[in-house]
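A.B. asks: pasting the sequence and the predicted model now:
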Amino acid sequence: MTRSFIARLLVGAGLVGIAAVTVGNVRHRSTWTTAELAMLRSLSLRSLEPLGADASNRYADDARAAALGRDLFFDTRLSGNGRVSCATCHVATQDLQDGKPLADGVGRTARRTMPIAGTAHSPWLFWDGRADSQWAQALGPLESAVEHGGTRAQYAHVVAEQYRERYEAVFGRLPDLTSIPQHAAPVADSAARAAWSRLTAEAQEQISRVYANIGKSIAAYERRIEPGVSRFDRYVDAELAGSRHTPESALTTDEASGLRLFIGRARCVTCHNGARLTDDHFHNTGVPLPAVTLPADSGRVVGVRQVINGEFNCTSRYSDAKPEDCEELRFAVTSGPELDRAYKTPSLRNVANRAPYMHAGQITSLDDVLAHYAAAPAAPFGRSELVPIRLSPNERRQLIAFLGTLSGPITVPPTYDRTGALAHPAAR
């Protein structure tokens with residue numbers, strides 16, 4: 001949801017009144033004003049717009065690519081030590097994250113694992129937005145020295161040895177890899193970088209093309225992972241329909257009070273708006289430094305430079321988009337003090353299930369998160385956007401109670417066979 005749409009909702013706050021809807025012989029009288037109901041609707045999954053095409057990935061909606069991507073997502077051979085896959089950090093039973101302050105791949109990373117559900121709707125990926133598509137995001141960890149720790153030449157060999165038929169059915173013929181070393185890439189590792197430099201420009205292009213297609217396959221799978229309906233969504237549906245609440249849609253007094261705070265005095269919707277409860281923007285909220293010593297992290301100010309110059313961004317030769325399709329990248333804000341130590345607003349869907357919080361897991365509980373936002377301390381560096389909010393301990397408890405209603409099952413793609421057909425059509 002855009003800021004302009006939020007503004008229109010807030011302007012409409014003058015349309016106060018009590019909503020009353022007749023459904024059959026039951027007349028449900030809501031305690032929400034017309035403007036508040038409009039806000040609630042904007043926050044529910046009912047308002048999540050259908051997923052548009054990914055112009056940068058022509059294979060995004062190809063079921064065969066998704067089937068291949070699903071297997072690549074769980075394949076530990078796509079790592080330097082043979083023990084790490086995408087699913088190592090994006091755990092299916094943990095909201096597709098790992099519950100750790102800092103993710104562990106072949107080494108320890110410097111940031112928290114972000115959940116995947118609904119990220120296909122986002123223009124920016126990673127805490128600092130250094131990727132502008134799911135497929136570009138999927139590629140970053142594969143060559144990270146502390147995440148998967150492998151190289152694009154290695155992954156091309158894995159595809160050729162394990163997935164050749166399926167890859168070629170989607171992307172066309174693989175290049176001849178007989179003269180390509182097992183480990184070569186433009187990465188920090190000096191041996192792999194030297195091996196890469198010895199390849200011809202044509203060979204580098206061919207390997208990088210296979211590498212990009214690996215990302216596009218994984219993205220075709222991840223694209224189908226969506227947030228599921230929560231009790232909050234059912235509550236909003238019942239309120240809008242004027243229906244009496246069932247146990248599946250009712251909110252307790254504390255939860256309803258927390259919701260009023262969320263859209264009102266606590267000002268949570270300033271950043272956590274829209275059906276995914278994120279504005280997809282970047283903010284400095286004065287989060288403290290991690291307890292452990294980590295490399296300096298400036299957030300978006302560095303991330304935006306990386307995405308602008310990215311080898312696999314929307315305007316790159318590996319993208320399927322036309323330049324005019326890449327408006328987010330072309331018009332990205334690239335400078336200004338507001339970018340310093342600014343991090344992407346995470347979705348609040350299933351937030352109660354995934355402590356700890358913030359980009360490096362600095363805050364361990366939701367109560368401590370709310371205490372931080374209420375106090376609005378100065379940022380370690382850069383300028384925090386927060387202003388103090390007076391919340392009593394009871395109000396913090398009510399907000400936390402509401403946040404618990406945002407949990408719902410993740411919609412995970414069905415299992416496909418190698419042709420892209422549903423392996424179990426009866427489950428459709």
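C.D. replies: Ah, there it is.
A.B. asks: tell me the pLDDT at the closest residue in space to D254 that isn't next to it in sequence?
C.D. replies: Once flanking residues are discounted, D254 sits nearest to A401: 4.2 Å by Cβ to Cβ, 6 or more residues apart in numbering. All C-beta atoms are positioned from the backbone trio N, CA, C, and that covers glycine. Per-residue confidence (pLDDT) for A401: 98.
A.B. asks: confirm for me that A401 is in contact with G258.
C.D. replies: Yes: look at A401 against G258 with Cβ atoms under 8 Å: they come within range, at 5.0 Å.
A.B. asks: with neighbour numbers in mind, choose between those two.
C.D. replies: Neighbours per residue (other Cβ atoms under 10 Å) separate A401 from G258, with G258 holding more: 24 against 19.
A.B. asks: now do the contacts for that one.
C.D. replies: By Cβ atoms under 8 Å, 6 or more residues apart in numbering, the residues touching G258 are 395, 398-403.
A.B. asks: of these, which is the nearest to S133?
C.D. replies: L403 (29.4 Å; Cβ to Cβ).
A.B. asks: about what we covered before: in a markdown table, list the contacts of G258 along with distance to R193.
C.D. replies: Listed next are those as a markdown table, based on distance: Cβ to Cβ, whole Å:
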| residue | distance to R193 |
| --- | --- |
| E395 | 55 |
| Q398 | 54 |
| L399 | 49 |
| I400 | 48 |
| A401 | 53 |
| F402 | 50 |
| L403 | 46 |
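A.B. asks: show me those that map onto strands.
C.D. replies: Under the assignment DSSP state E, those contribute nothing to strands.
A.B. asks: hmm, which of those residues are the buried ones?
C.D. replies: 395, 398-403 (16 or more other Cβ atoms under 10 Å).
A.B. asks: so how many other residues sit close to the nearest residue to E395 once chain neighbours are set aside?
C.D. replies: Counting by Cβ to Cβ, 6+ apart, E395 lies nearest to L261, which is 5.9 Å off, once chain neighbours are set aside. Here the number of neighbours of L261 (other Cβ under 10 Å) works out to 20.
A.B. asks: cool, N353 as well?
C.D. replies: Residues near N353, counting by other Cβ under 10 Å: 15.
A.B. asks: residues contacting it?
C.D. replies: 94-95, 407.
A.B. asks: let's go with 7 Å and repeat that
C.D. replies: 95, 407 (Cβ atoms under 7 Å, 6 or more residues apart in numbering).
A.B. asks: and the nearest residue to V287 once chain neighbours are set aside, how many neighbours does it have?
C.D. replies: In this structure, V287 finds its nearest non-sequential neighbour in M358, 4.7 Å apart by Cβ to Cβ, 6+ apart. Around M358 there are 20 other residues, counting by other Cβ under 10 Å.
A.B. asks: if we only consider the buried ones among the contacts of G258, which is nearest to E239?
C.D. replies: Once Cβ to Cβ is applied, the member of those that ends up nearest E239 is F402, at 14.3 Å.
A.B. asks: on that earlier part again, out of the contacts of G258, list just those in helices.
C.D. replies: Members of the contacts of G258 lying in helices (criterion: DSSP state H): 395, 398-403.
A.B. asks: go through those and name the one nearest R41.
C.D. replies: F402 (16.5 Å).
A.B. asks: rewinding a little: can you pull the contacts of the residue nearest to D254?
C.D. replies: Contacts of A401 by Cβ under 7 Å, 6+ apart are 252, 254-255, 258.
A.B. asks: are any of those buried, and which?
C.D. replies: 254-255, 258.
A.B. asks: need the residues you listed in TSV with distance to N309, can you?
C.D. replies: Output for the buried ones among the contacts of A401, formatted as TSV (distance: Cβ to Cβ, whole Å):
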residue	distance to N309
D254	48
E255	46
G258	43
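A.B. asks: so can I have CSV of those showing distance to P288 and pLDDT?
C.D. replies: Compiled in CSV, the buried ones among the contacts of A401 are given as follows (distance: Cβ to Cβ, whole Å; pLDDT from 0 to 100):
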residue, distance to P288, pLDDT
D254, 28, 98
E255, 29, 98
G258, 25, 98
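A.B. asks: now those in a markdown table, with secondary structure and distance to Y59?
C.D. replies: Converted to a markdown table, those look like this (DSSP: H, G, I helix; E, B strand; the rest coil; distance: Cβ to Cβ, whole Å):
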| residue | secondary structure | distance to Y59 |
| --- | --- | --- |
| D254 | helix | 47 |
| E255 | helix | 42 |
| G258 | helix | 42 |
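A.B. asks: tell me the secondary structure for S144?
C.D. replies: Applying DSSP: H, G, I helix; E, B strand; the rest coil to S144 yields a three-state assignment of coil.
A.B. asks: ranges for the strands of the stretch 151-300 of the chain?
C.D. replies: 282-283 (DSSP state E, counting those that start in this stretch).
A.B. asks: going along the chain, name the helices of it.
C.D. replies: Listed from the start of the chain, the stretch 151-300 of the chain has helices (DSSP state H, counting those that start in this stretch) covering 152-162, 164-171, 190-197, 201-222, 231-241, 253-263, 300-308.
A.B. asks: R83: which of those helices is closest?
C.D. replies: helix 152-162 (14.2 Å).
A.B. asks: residues touching the closest one, excluding its own?
C.D. replies: Contacts to helix 152-162, defined as Cβ under 7 Å, 6+ apart, come from residues 77-78, 142-143, 167, 174, 177, 180-185, 207-208, 210-211, 214.
A.B. asks: can you give me the angle it makes with helix 201-222?
C.D. replies: 70 degrees (axes from the mean of the first three to the mean of the last three Cα atoms, to 10 degrees).
A.B. asks: many thanks, I have nothing further to ask.
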